[in-house]
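In: Output the structure for:
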Amino acid sequence: MKSLLTGLALVLLLPITALAHSPLKSTSPADKAALKVLPDGITMTFGKPARITKVTLTHTHGEANHADKLELPSKKFQTSFQLTPTFRGHGNYKVDWRALSEDGHALKGAFSFTVAE
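Out: Take a look at the predicted model:
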């Protein structure tokens, strides 16, 4: 009986735990966007406050491939971050990121966009 109650409690707590994380809600440029001009910057918006711990911007154009670790805009927990990297021109860009949610969970992900010639 005691193990049944413990199991039931765990099942009921799972949805609450899942909602506590801070998923990446949106990006600008959007994932897989095809742009005609270079963006002014990169915006990352989380569903709940998070702290970005690492962002790498990789640019590929023809045979050239450059990866730059971006300067973090803030060490505070917040929902939106503005990054202002130096873009290397036309080509494919990939943003790899890591963050920490307020509840202590490590988050990571990536998104990409293309700037046409």
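In: quick one, what contacts F111?
Out: 24, 27, 30-32, 94-95 (Cβ atoms under 8 Å, 6 or more residues apart in numbering). Backbone N, C-alpha and C define where each C-beta goes, glycine included.
In: Where does it sit: helix, strand or coil?
Out: strand (DSSP: H, G, I helix; E, B strand; the rest coil).
In: Flag every buried residue along stretch 86-103.
Out: 87-88, 90-91, 93, 95-97, 99, 101 (16 or more other Cβ atoms under 10 Å).
In: actually stretch 42-61, not the one I typed
Out: Buried-residue list, stretch 42-61, by 16+ other Cβ under 10 Å: 42, 44, 46, 50-52, 55, 57-60.
In: Just name the closest of the residues you listed to L70, please.
Out: V55 (4.3 Å; Cβ to Cβ).
In: which pair in the buried residues of stretch 86-103 spans the largest distance?
Out: Largest pairwise distance in the buried residues of stretch 86-103, by Cβ to Cβ, is 34.9 Å, between H90 and S101.
In: wait, F77 sits on T53?
Out: No. Using Cβ atoms under 8 Å, F77 is not in contact with T53; the gap is 11.5 Å.
In: In contact with R88: list those residues for me.
Out: By Cβ under 8 Å, 6+ apart, R88 lies in contact with 59, 61, 64, 66.
In: can you tell me which two in those residues are farthest apart?
Out: Maximum distance among the contacts of R88 (Cβ to Cβ): 8.8 Å, for H61 and H66.
In: hang on, the earlier thing: quick one: which of the buried residues of stretch 42-61 is nearest E71?
Out: For the buried residues of stretch 42-61, the nearest to E71 is V55 (8.6 Å; Cβ to Cβ).
In: which non-adjacent residue is nearest the closest one?
Out: Nearest non-adjacent residue to V55, counting by Cβ to Cβ, 6 or more residues apart in numbering: L70, 4.3 Å away.
In: Brilliant, that's me finished.
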